[in-house]
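Trainee: Test case, fold it:
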Amino acid sequence: MTDFIKHTADSAQEEARPVLERVQKGLGFMSNLIAYMADAPALAQGYNTLSGVFEKTSFSATERQIVLLTVSRES
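Mentor: Next comes the predicted model:
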């Protein structure tokens, strides 16, 4: 079984650090999901990019949260 490491900007690979720093600055805290994704910098970057695209949809902030919570519950 693979052990996943919950990274910080200090412990992450150099390629993932800017993503973690943007998330920290944008949210005001480090998301656990992105902290674990930092083991694969391309995954962290891709997820962060898609999150930004999702923010540009016509859904309100509340609707976006409902979508995210529904998907996380159903998965």
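Trainee: Low-confidence bits of the chain, can you list those?
Mentor: For the chain, the stretches with pLDDT under 70 are 1, 75.
Trainee: Let's see that with 90 instead.
Mentor: The chain contains residues with pLDDT under 90 at 1-4, 26-27, 31, 68, 72-75.
Trainee: Helices of that one, start to end?
Mentor: 17-27, 32-37, 41-55, 61-74 (DSSP state H).
Trainee: who touches the residue nearest the centre of the chain in this structure?
Mentor: Nearest to the geometric centre of the chain sits I34, at 3.7 Å (C-alpha atoms, centre = their mean). With contacts defined as C-beta atoms under 8 Å, 6 or more residues apart in numbering, the neighbours of I34 are 19-20, 23, 44, 47-48. Yep, even glycine has a C-beta here, placed from its N, CA and C like the rest.
Trainee: for the helices of the chain, which one sits closest to K6?
Mentor: With C-beta to C-beta as the criterion, K6 lies closest to helix 32-37 of the helices of the chain, at 4.7 Å.
Trainee: what's near enough to touch R17?
Mentor: R17 makes contact with A9, according to C-beta under 8 Å, 6+ apart.
Trainee: Make 14 the first number, not 1, from now on.
Mentor: Got it, the first residue is 14 from now on, which makes the last one we talked about R30.
Trainee: F67 versus that one, what's the distance?
Mentor: Going from R30 to F67 by C-beta to C-beta, to the nearest Å gives 23 Å.
Trainee: likewise P54?
Mentor: Distance from P54 to F67, by C-beta to C-beta: 20 Å.
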